[in-house]
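Enquirer: quick check, what structure comes out for this input:
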Amino acid sequence: MMAHTALHDRFQQILDLDTPVRRLGSGFTFTEGPLWHPVNGDLVFSDMPGDVRRRFDPASGQITEIARPSNKGNGMTYDAQLNLLVCEHATSSVVKIAPDGTRTVLCSHFEGKELNSPNDIVVGNDGSIYFTDPTYGRMEHFGVPRPLQQGFQGVYRLPPDHTPGDEPQLVTDRYMFNQPNGLTFSPCQRWMWVNDTDQANIRMFDVAGDGDGRLTNARLFASGIKDSQLEGLPDGMKSDDKGNVFVTAPGGIWVYDFHGALIGKIAVPEKTANMHWGGSSWSTLYICASTGLYSLDTKTTGRSEPFMTPHAVSPQDTSANQSQVPSPVVQTAIDPINGKRAAMIIQDLQNDVMIDGGAFAFTGSPEHARQQDVVANVAKLAEAARAKGVMIVHVWMVLEPGAPYLCQHAPLQQGLKEHKALVRGTWGVAPVPGLEPKPGDLVVEKMSMSAWETSRLEAYLHGGGRDTILNTGSWTNMSVEHTARTGADKGFRMIVPEDACSTMNADWHRASIEYGMQNVATVTTVAAAIAALR
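Expert: Numbering: from 1, shown residues only. Okay, the predicted model is just below:
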């Protein structure tokens, strides 16, 4: 068994060093584009030189052909409706293949000339499609040899309102890349990474907002991804839900953290081309490597993509599956709240946690806070609560410089220390603008995820005769949920106004609101909570 390599302790939070790489199939020509179907529970992948597309069924272990010829398809993904999107080398096109097999050419030309050969592809939460366009599909073996028309190799976007056949939008400088190849969003989709196989590097970009979608502020994220003693160069690339970047490289897959530090290497028996997470928990990494298809189990999961959510069902499956997708479980009318017996917790709404420029901005928390309008909603509820005699308690995570004696047994605590977050006296530890304590409010400090264990919260509540808690803050699925669970165990009536909470993204928020807290709290809205105050 080949040994994986940890270059930082964090790598072992992603993968055990003795995790076996399983060979699922072999004898192919050159595999690419692995892609897990969230409904069917199987994997499709390409074999470009073989001009075939195949499916792996994990239940039976069988691999079958599903398309021959395949126009030498390379990278693939699904859109939110589970249409298969394929970068075709032989036709220089990006195509959409519906579940019923209908094929639609989305784009094939730019400025009136044929694209080189679309290579890898991703879909944004807004439905926009990004793809790279190197020249490999016009070369022998990987494509169909023919003259180039473009004269440069770019990265393109199809906006959400794109009409099939219309030309794509060029989103980077046309002469920036030699051979742009793999690309992936960050979990929050504020950033994108694009690698260059020829330059052996990865660039990081800001994704422009306001519907423009251009890739701006290019900077070098990682370089020197080569080794004269081992096969492999940057090709396929994916990010996990923590913002770590996985890229094919010499000897297998190299893993970088969000800041560009190389933290470990995954050893794969063959030259590796691409990868994607799948399985019931999205933690199995499927790997296309030359003549074989492989998999290994990880401790992380791929970043959330539109097709991975329960809403991503194909049109013919809609009626059968919609009943499985719950609508938000939120009570818009709740029992009265006696202000003299209630407290409102405002937890972790600090700059480092959920403001642009904070230590954890890379998680997507600032964007989700804006989507929830959490600062304005918490301020509104706090104002109404103060008027009814509710005790207001700000709960802040505060660490001393260097985080001395902070427990390091969990990734959360390790991340706090690693990112130098929430340090006393810094901007990051301060409350977000608009939620500063008012006269009469209380402030407690903690060193744990829950508001209870390491703070004076319970002493204040008992001393004030409070048995009902309005539980607000960040992050929904972590601090807010842990506080709700422990509060319920301690006998408090826990009320969670879901629009006064936020986390890394809407999927994590919904999971906590609709499942995690349903049995321990009354999940409601700010408006309903205000209406219930007496």
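
Enquirer: quick one, phi psi at the residue nearest to residue 5 when sequence neighbours are not counted?
Expert: If you skip the residues right next to it in sequence, residue 5 has residue 265 as its closest partner in space, 4.3 Å away by Cβ to Cβ, 6 or more residues apart in numbering. Placement of C-beta: from N, CA and C, glycine included. Backbone torsions of residue 265, given as degrees, to the nearest 10, read phi -130, psi 130.

Enquirer: what bridges to residue 265?
Expert: Assessed by DSSP bridges, residue 265 has beta-bridge partners residue 5, residue 254.

Enquirer: OK, contacts around it?
Expert: 4-5, 7, 249, 251-255 (Cβ atoms under 8 Å, 6 or more residues apart in numbering).

Enquirer: let's go with 7 Å and repeat that
Expert: Going by Cβ atoms under 7 Å, 6 or more residues apart in numbering, residue 265 touches 4-5, 251-252, 254.

Enquirer: now swap in residue 83 and tell me
Expert: 96-98 are the contacts of residue 83 under Cβ under 7 Å, 6+ apart.

Enquirer: after the lowest-mean-pLDDT helix or strand in the chain comes which helix or strand?
Expert: Using mean pLDDT, DSSP states H and E, helix 318-321 stands out as the lowest-scoring helix or strand of the chain, at a mean of 38. Next helix or strand after helix 318-321 toward the C-terminus (DSSP states H and E): strand 342-347.

Enquirer: wait, residue 375 sits on residue 435?
Expert: Yes. Using Cβ atoms under 7 Å, residue 375 is in contact with residue 435, at 6.1 Å.

Enquirer: for this protein, what spans make up the helices?
Expert: 318-321, 351-354, 365-372, 374-387, 411-418, 457-463, 481-489, 506-511, 526-532 (DSSP state H).

Enquirer: and those, which one is worst for confidence?
Expert: Here the helices of the chain differ in mean pLDDT, and the lowest is helix 318-321 at a mean of 38.

Enquirer: and stretch 54-61, how far apart are its ends?
Expert: End-to-end distance for stretch 54-61, by Cα to Cα, to the nearest Å: 13 Å.

Enquirer: kindly apply the preceding question to stretch 5-16 instead.
Expert: Using Cα to Cα, the end-to-end distance of stretch 5-16 comes to 10 Å.

Enquirer: contact partners of that stretch?
Expert: The contact list for stretch 5-16, computed with Cβ under 7 Å, 6+ apart, reads 4, 17, 244, 255, 257, 261-266, 298-300, 411.

Enquirer: buried ones in stretch 183-202?
Expert: Buried residues in stretch 183-202, defined by neighbour count with 16 or more other Cβ atoms under 10 Å: 183-197, 199-202.

Enquirer: for the helices of the chain, which one ends up most surrounded?
Expert: Among the helices of the chain, helix 351-354 has the highest mean neighbour count (mean count of other Cβ atoms under 10 Å), at a mean of 26.

Enquirer: what packs against it?
Expert: helix 365-372 (3 or more Cβ pairs under 7 Å, 6 or more residues apart in numbering; DSSP states H and E).

Enquirer: how many neighbours does residue 284 have?
Expert: The number of residues packed near residue 284 is 20, by other Cβ atoms under 10 Å.

Enquirer: and which of the contacts of stretch 5-16 is nearest residue 152?
Expert: Nearest to residue 152 among those: residue 262, at 29.7 Å, using Cβ to Cβ.

Enquirer: could you tell me the end-to-end distance of stretch 29-39?
Expert: Taking Cα to Cα, stretch 29-39 runs 28 Å from one end to the other.

Enquirer: how far away from the center of its chain is it?
Expert: 19 Å (Cα atoms, centre = their mean, to the nearest Å).

Enquirer: so which residues make contact with it?
Expert: Outside stretch 29-39, the residues touching it (Cβ under 7 Å, 6+ apart) are 43-50, 73-78, 82, 273-278, 286, 288-290, 292-293, 307-308, 312-313, 317.

Enquirer: tell me which residues in it are buried?
Expert: 30-39.

Enquirer: now, these that are in strands?
Expert: Those of these mapping onto strands are 31-36, per DSSP state E.

Enquirer: can you lay out these as CSV showing distance to residue 356 and pLDDT?
Expert: CSV is the format used below for these (distance: Cβ to Cβ, whole Å; pLDDT from 0 to 100):
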residue, distance to residue 356, pLDDT
31, 40, 95
32, 36, 95
33, 34, 94
34, 34, 97
35, 33, 97
36, 32, 95
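
Enquirer: returning to that earlier point: PyMOL command to pick out the buried ones of the contacts of residue 265?
Expert: Buried members of these, defined by 16+ other Cβ under 10 Å, are picked up in PyMOL with:
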select buried, resi 4+5+251+252+254
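
Enquirer: let me know the closest of the contacts of residue 265 to residue 158.
Expert: Taking Cβ to Cβ as the measure, residue 254 is the one of the contacts of residue 265 closest to residue 158, at 29.6 Å.

Enquirer: show me what contacts that closest one?
Expert: Each residue near residue 254 by Cβ under 7 Å, 6+ apart is listed here: 225, 247, 262, 265.

Enquirer: repeat for residue 42
Expert: Contacts of residue 42 by Cβ under 7 Å, 6+ apart are 55-58.

Enquirer: can you flag the buried ones in the residues you listed?
Expert: Buried residues within the contacts of residue 42, counting neighbours by 16+ other Cβ under 10 Å: 55-56, 58.

Enquirer: let me know how buried the residue nearest to residue 247 when sequence neighbours are not counted is, in neighbour terms.
Expert: Sequence neighbours aside, residue 237 is the residue nearest to residue 247 in space, at 4.5 Å (criterion: Cβ to Cβ, 6+ apart). If you count neighbours by other Cβ under 10 Å, residue 237 ends up with 24.

Enquirer: turn the contacts of residue 83 into TSV, including distance to residue 175, pLDDT and neighbour count.
Expert: Written out in TSV, the entries for the contacts of residue 83 read as follows (distance: Cβ to Cβ, whole Å; pLDDT from 0 to 100; neighbours: other Cβ atoms under 10 Å):
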residue	distance to residue 175	pLDDT	neighbour count
96	30	97	18
97	33	96	18
98	36	93	15
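
Enquirer: looking at these, which is nearest residue 474?
Expert: Residue 474 lies nearest to residue 96 out of the contacts of residue 83, by Cβ to Cβ, at 37.8 Å.

Enquirer: residue 102 is in contact with that closest one, correct?
Expert: No. Using Cβ under 7 Å, residue 96 is not in contact with residue 102, being 8.4 Å away.
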